[in-house]
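Peer 1: Fold the following, please.
(2 chains)
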Amino acid sequence: MVPTDLRYTKDHEWVRVDGDQATIGITEYATTQLGDIVFVELPDTGRALSQSAVFGVVESVKAVSDLFAPISGAVTEANGALAGEPELVNAEPYGAGWMLRVTVADAAELDELLDPAAYDALIAEG
Amino acid sequence: MPEVGVAGDDAVRTTPLLERHRALGARLIDFAGWLMPVQYAGILEEHRAVREAAGLFDLSHMGELFVEGPEAGTALAFALVTDPRTLAVGRAHYSMICAPDGGILDDLIVYRLADDRYLVVANAANAQVVSDLLVERMAGFRAIVDDRSLATALVAIQGPRSLEIATPQTGIDLSALRYYGIAEGQVAGIDALVARTGYTGEDGFEVFVDMERAVELWDALMTAGEALRLAPIGLGARDTLRLEAGMPLYGNELDAATTPYEAGLGRVVKLAKPGDFVGRAALERVEANGPTRRLVGLVVRGRGIARHGYPVFADERQTGVVTSGAPSPTLGVPIAMAYVAPADAEPGTMLAVGIRDARVAAEVVPLPFYRRAG
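Peer 2: Coordinates of the predicted model:
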């Protein structure tokens, strides 16, 4: 079972909402599919994300994968630790491996995301 | 049971070791029409296992073409850029099969098994093409091609502890088997050809057996290696290992639009051998004029990983393209191979790789990136 306090995208990002602030990362399922993560490229603070648009990349040894914004909003912080320790994403995808904090631009967008049960069903399909 | 799929062109072939890979938790991918393990524990961990201890590879997708007959050597000398007649029995060399225009159709290892018997090992993706071309080019020679690709399994053990692990399993004197040597004998009681070749930059052996015996061989080696940290290795780590070792991969560094000279493999082409061979005239011209691009090693000096297909710049001018790139697990920096203009190919030259929107500094370095001690 995936964490129940998060919302998810079909592209395997997660969002944790706290007031008007949201934290974004990728799911454990994504990290196991990618394998060893060796590089993460994130936007600068202040950048405006738009929902479903590419906001960065995550690279495993073999492959480059785009990261898609689960919601729209302005970046307030990017996880600087990932520059030196990208393996944190594998080790703690829902914790120290978080990627961005953003100010939620449109709370209604959160309703478009998958709830934990729906995301569980998605990854169960493979 | 081996389930070699031959039902149709779209059928994905499987090796007899598929269930072993599944049991070991492998992630499987379609590679050149074969369902193959890309990783087990993880590419980085597998890569280190081969550099520090030993790894076991299922390479049963490779093509095994036996060429036999009184003119087998002469026929191969016409079909390939090397001269297999110069090999002593029990020896092997790296070779290529080229088109009449000098383009590389595959890179190969040719083993001489007897006076009139050779084994040609081709890449999985090209095995059928090479098999067909050998048959075509050998017409008129007293030699036949016996394509045993689907009947032959290949298991490689690679890494510094390979000799220690494999020796008790065979009557062949492995320590006396030289690099690029091959011997016939038994491994774990199974009739086998054992070659001291590989694609990792480490010492190791490649063991050819009948498909029906592959599981037995795999199990015996896995058991024998357990105490010495022998790990199963997927195609992902195979790629990073060969990249560090500066070894070309067909489809990346080598293709039909590339000659051996551009790939830095001109020494493989034996223009001095007697008789004509396919590609000779074209290759003589390239050798005389010099190639218009050269394969180089790059170490990325900025932030980012150079990947296959990324452009390479010298100042503002695009000088070439990356053919392979990955973070080097051994060196801890991103490495790549790329084709660039000859003027930009000197080690020490600072170039830049186009990585998405950025141009990231990269330095030309000599190949290989990694050479084992001793």
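Peer 1: Output the below-cut-off pLDDT ranges for the chain.
Peer 2: Assuming you mean chain A. Applying pLDDT under 70 to chain A picks out residues A:126.
Peer 1: nope, chain B
Peer 2: Applying pLDDT under 70 to chain B flags residues B:1-10.
Peer 1: Could you show which parts of it are in contact with chain A?
Peer 2: Residues of chain B found near chain A (C-beta under 8 Å from any C-beta of the partner chain) are B:27, B:38-39, B:42-45, B:236, B:239-240, B:303-305, B:307, B:326-327, B:329, B:356. Using the backbone N, CA and C atoms, a C-beta is placed for each residue, glycine as well.
Peer 1: Buried among those residues? Make that a PyMOL selection.
Peer 2: Here is the PyMOL command that selects only those of the residues of chain B next to chain A that count as buried (16 or more other C-beta atoms under 10 Å in any protein chain shown):
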select buried, chain B and resi 38+39+42+43+44+236+239+240+304+305+307+326+327+329
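Peer 1: The residues of chain B next to chain A in strands, which ones?
Peer 2: The strands, defined by DSSP state E, take in B:R27, B:V38, B:Q39, B:A326, B:P327 from the residues of chain B next to chain A.
Peer 1: Check the spacing between the closest residue to the last one other than its chain neighbours and A:V102 real quick.
Peer 2: When the adjacent residues along the chain are set aside, B:P327 lies closest to A:V38, with 4.6 Å between them (C-beta to C-beta, 6 or more residues apart in numbering or on different chains). In this view, A:V38 and A:V102 are 25 Å apart by C-beta to C-beta, to the nearest Å.
Peer 1: just B:Q39 next, same as before
Peer 2: 33 Å.
Peer 1: Count residues in the vicinity of A:P93, would you?
Peer 2: Counted with other C-beta atoms under 10 Å in any protein chain shown, the neighbours of A:P93 add up to 23.
Peer 1: pretty sure it contacts A:L34?
Peer 2: No. Using C-beta atoms under 8 Å, A:P93 is not in contact with A:L34, being 10.3 Å away.
Peer 1: near chain B, which residues of chain A?
Peer 2: A:G35, A:D36, A:V38, A:F39, A:E41, A:V57, A:E59, A:S60, A:V61, A:K62, A:V64, A:A83.
Peer 1: Let me see the ranges of the helices in chain A.
Peer 2: For chain A, the helices defined by DSSP state H occupy A:28-34, A:81-84, A:88-91, A:116-124.
Peer 1: Now render those helices as TSV, adding distance to B:A79 and mean neighbour count.
Peer 2: Formatted as TSV, the helices of chain A follow (distance: least, C-beta to C-beta, whole Å; neighbours: other C-beta atoms under 10 Å in any protein chain shown):
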stretch	distance to B:A79	mean neighbour count
helix A:28-34	43	18
helix A:81-84	52	14
helix A:88-91	48	18
helix A:116-124	50	14
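Peer 1: nearest to B:L113, of these?
Peer 2: Closest approach to B:L113 among the helices of chain A is made by helix A:28-34 (43.2 Å; C-beta to C-beta).
Peer 1: Excluding chain neighbours, give the residue nearest to A:L100 in space.
Peer 2: Nearest residue to A:L100, sequence neighbours excluded (C-beta to C-beta, 6+ apart): A:I24, at 4.5 Å.
Peer 1: Helices of the stretch 251-374 of chain B, residue ranges please.
Peer 2: With DSSP state H, counting those that start in this stretch applied, the stretch 251-374 of chain B shows helices at B:280-289, listed in chain order.
Peer 1: Now do the contacts for the residue nearest to B:P327.
Peer 2: By C-beta atoms under 8 Å, 6 or more residues apart in numbering or on different chains, the contact list for A:V38 reads A:E59, A:S60, A:V61, A:P86, A:E87, B:L44, B:I305, B:P327.
Peer 1: can you name the two of those residues that are farthest apart?
Peer 2: Greatest spatial distance among these (C-beta to C-beta): A:E87 and B:I305, at 14.7 Å.
Peer 1: Need the residues of chain A next to chain B in TSV (columns: distance to A:L6).
Peer 2: Listed next are those as TSV, based on distance: C-beta to C-beta, whole Å:
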residue	distance to A:L6
A:G35	23
A:D36	24
A:V38	25
A:F39	24
A:E41	23
A:V57	22
A:E59	24
A:S60	22
A:V61	27
A:K62	27
A:V64	25
A:A83	24
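Peer 1: Can you tell me which of those is closest to B:G63?
Peer 2: Nearest to B:G63, judged by C-beta to C-beta, of the residues of chain A next to chain B is A:K62 at 23.9 Å.
Peer 1: Around the closest one, how many other residues sit close by?
Peer 2: Neighbours of A:K62 using other C-beta under 10 Å come to 20.
Peer 1: Not counting its neighbours along the chain, what's nearest it?
Peer 2: Nearest non-adjacent residue to A:K62, counting by C-beta to C-beta, 6+ apart: B:G236, 5.3 Å away.
Peer 1: Quick check, the one you found in contact with A:V61.
Peer 2: Yes. B:G236 is within contact range of A:V61, at 6.3 Å (criterion: C-beta under 8 Å).
Peer 1: what is in contact with the two at once?
Peer 2: Residues touching both B:G236 and A:V61 (C-beta under 8 Å, 6+ apart): A:G35, B:I43.
Peer 1: hang on, the earlier thing: tell me who's in contact with the residue nearest to A:K62.
Peer 2: Here B:G236 is in contact with A:G35, A:V61, A:K62, B:V38, B:Q39, B:I43, B:E46 (C-beta under 8 Å, 6+ apart).
Peer 1: what about it, distance to B:A326?
Peer 2: 9 Å.
Peer 1: what's the overlap in contacts for the two?
Peer 2: In contact with both B:G236 and B:A326: A:V61, A:K62, using C-beta under 8 Å, 6+ apart.
Peer 1: re the thing from before, if I look at the residue nearest to A:L100, how far off is A:T4?
Peer 2: Per C-beta to C-beta, A:I24 is found 17 Å from A:T4.
Peer 1: So the two - more neighbours on which side?
Peer 2: A:I24 (27 against 9).
Peer 1: Under a three-state scheme, what state does B:P160 occupy?
Peer 2: coil (DSSP: H, G, I helix; E, B strand; the rest coil).
Peer 1: any idea how far it lies from chain A?
Peer 2: 22 Å (C-beta to the nearest C-beta, to the nearest Å).
Peer 1: looking at it, that residue is touching B:A49, isn't it?
Peer 2: No. With contact defined as C-beta under 8 Å, B:P160 does not count as touching B:A49 (10.7 Å).
Peer 1: Please, where are all the helices along the stretch 51-200 of chain B?
Peer 2: Using DSSP H, counting those that start in this stretch, the helices of the stretch 51-200 of chain B run over residues B:72-79, B:127-137, B:162-166.
Peer 1: any chance of those helices in a markdown table, with mean neighbour count too?
Peer 2: Formatted as a markdown table, the helices of the stretch 51-200 of chain B follow (neighbours: other C-beta atoms under 10 Å in any protein chain shown):
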| stretch | mean neighbour count |
| --- | --- |
| helix B:72-79 | 24 |
| helix B:127-137 | 18 |
| helix B:162-166 | 22 |
